[in-house]
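[1] Next comes the sequence, and after it the predicted model I'd like to discuss.
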Amino acid sequence: MEKLIFSRKGFDSSAGCGYSPYDPETGKYVVLPIPETEKREAFRYRDLTLAPDALPGIHPASMYELIQHPALRYSSRAKAASKGKAHYDPVLGRPEWLKAGPDYEVFGQSGAAAGHLHGHDTGIGSLFLFFSRFRPLPGRLHKLDPDAGWSEGVYFIYGWLRVGEIWTVPDEVPEEVRRCHPHGPAESFRKKNNTLYAAASELFPGSGIPGSGYFPRLKPELQLSSPLHKNRPGVWKLPAFFYDEHYRPTYLQKEENWLRADEEYYYVQSSARGQEYISSLDTESTAWIKQLFQSALT
């Protein structure tokens, strides 16, 4: 069955000791993958080298140098983690901020989160919208500018993957993915529910939009956090149809956590630790997706 999944991925306060950086003036951003906690072959943060213009005003050579940069004020825990390996997933092609790294188009999941996806019939044709919490680069906007006020970070959708294939056994996995992806090696399939989702060729047939990718800039259309609830980034503003029982995402089921904002939107308190918020990919959500991409890619 086709599902629409809001999938939380990237640095956060528990897994990565901070949030990924973005420039509120230009919308440029870098998604920092969480640290790898298992003993396996993986990209080091030093290996993930950055384009010279990845972020305005600072010019780190790698993700390691980015996390170590004094202007970004990452914690000592984050800086220690940056000396090790990264759990680089999802990979949605090569983002414009990276000079080196993988360019396949695959997302992996295992354990309870994968079981949640399986239990809700997440199949071929389903669409993942990946989101993360971003913190604005300091000093880029006037201190009174409202867009500079997200000191606790702000949630944005940053990428997507339309599922074209699903791999659940090692023999199905291409060699590069098996070698480089954290869920690709044969030993990863010893974990319960280990699953890899590979991208379709297009977002929608005839759309000309790739089946996976990163949005070039973080625009207001991609912001999940409610603009009226600054520094409560877990309060989201969603189109009103998501309140309908048919579309209401998993982990957001309680009616008391929803408040109508106006005829077109609701506020909703998101879950602190939910990874995969699963909705239906049906008439209204498909129309919203098409409008979202039209705005975000122009």
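    That came through fine.

[2] Help me confirm that E25 comes into contact with G139.
    No - E25 is beyond contact range of G139, at 10.3 Å (criterion: CB atoms under 8 Å). Bear in mind the C-beta positions are built from the backbone N, C-alpha and C, glycine included.

[3] So between those two, which is more surrounded?
    Neighbours were counted for E25 and for G139 using other CB atoms under 10 Å; E25 has more, 15 against 10.

[4] Grab the nearest non-local neighbour of that one.
    With sequence-adjacent residues excluded and distances taken as CB to CB, 6 or more residues apart in numbering, E25 is closest to R140, at 5.0 Å.

[5] And for the one you found, the neighbour number?
    Neighbour number of R140 under other CB under 10 Å is 17.

[6] where does it sit relative to G27, distance-wise?
    11 Å (CB to CB, to the nearest Å).

[7] hang on, the residue nearest to E25 packs against A71?
    No - applying CB under 8 Å as the test, R140 and A71 come out as separate, 10.6 Å apart.

[8] Overlap in contacts, those two.
    G57 (CB atoms under 8 Å, 6 or more residues apart in numbering).

[9] And stretch 194-213, how far out from the chain middle?
    15 Å (CA atoms, centre = their mean, to the nearest Å).

[10] If you could redo that for stretch 7-22, that was the one I meant.
    9 Å.

[11] and stretch 201-212, what's its mean pLDDT?
    In this model, stretch 201-212 carries a mean pLDDT of 97.

[12] Which positions within it qualify as buried?
    L203, I209, P210, G211, S212 (16 or more other CB atoms under 10 Å).

[13] pLDDT at G16, what is it?
    61.

[14] By residue count, what's the longest helix in this protein?
    helix 283-296 (DSSP state H).

[15] Buried residues, that one. List them.
    Quick answer for helix 283-296 (16+ other CB under 10 Å): E284, S285, W288, I289, L292, F293, A296.

[16] before we move on, what about stretch 267-281?
    In stretch 267-281, counting by 16+ other CB under 10 Å, buried: 267-271, 274-281.

[17] circling back to that earlier point, mind giving me the packing neighbours of the longest helix of the chain?
    With contacts taken as 3 or more CB pairs under 8 Å, 6 or more residues apart in numbering; DSSP states H and E, helix 283-296 sits against no other helix or strand.

[18] can I get the buried residues of helix 283-296 in a markdown table with distance to F130 and pLDDT?
    Listed next are these as a markdown table, based on distance: CB to CB, whole Å; pLDDT from 0 to 100:
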| residue | distance to F130 | pLDDT |
| --- | --- | --- |
| E284 | 21 | 98 |
| S285 | 16 | 98 |
| W288 | 17 | 98 |
| I289 | 14 | 98 |
| L292 | 13 | 98 |
| F293 | 14 | 98 |
| A296 | 13 | 97 |
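
[19] Which two among those residues are spaced furthest apart?
    Across those, the longest distance by CB to CB is 18.2 Å; it joins E284 and A296.

[20] Next, the angle helix 283-296 makes with the longest strand that the chain contains.
    The residue-count maximum for a strand in the chain (DSSP state E) belongs to strand 154-167. Here strand 154-167 points in a direction 120 degrees away from that of helix 283-296 (axes from the mean of the first three to the mean of the last three CA atoms, to 10 degrees).

[21] Just list what strand 154-167 packs against, helices and strands only.
    With 3+ CB pairs under 8 Å, 6+ apart as the test, strand 154-167 has strand 91-92, strand 127-136, strand 195-199, strand 212-214 packed against it.

[22] In it, which residues are buried?
    Of all the residues in strand 154-167, those buried under the rule 16+ other CB under 10 Å are 154-164, 166-167.

[23] Could I get the CA-only coordinates of it as CSV?
    C-alpha atoms of strand 154-167 as CSV (Å, rounded to 0.1, in the frame of the first residue of the first chain):
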residue,chain,number,x,y,z
VAL,A,154,13.2,24.5,13.9
TYR,A,155,11.9,21.4,12.1
PHE,A,156,12.1,21.4,8.3
ILE,A,157,11.5,18.8,5.6
TYR,A,158,14.7,18.5,3.7
GLY,A,159,14.5,15.5,1.4
TRP,A,160,12.3,12.7,-0.1
LEU,A,161,12.3,9.2,-1.4
ARG,A,162,9.6,7.5,-3.4
VAL,A,163,9.9,3.8,-2.9
GLY,A,164,10.7,1.8,-6.0
GLU,A,165,12.2,-1.4,-4.5
ILE,A,166,12.3,-3.0,-1.1
TRP,A,167,15.2,-5.2,-0.1
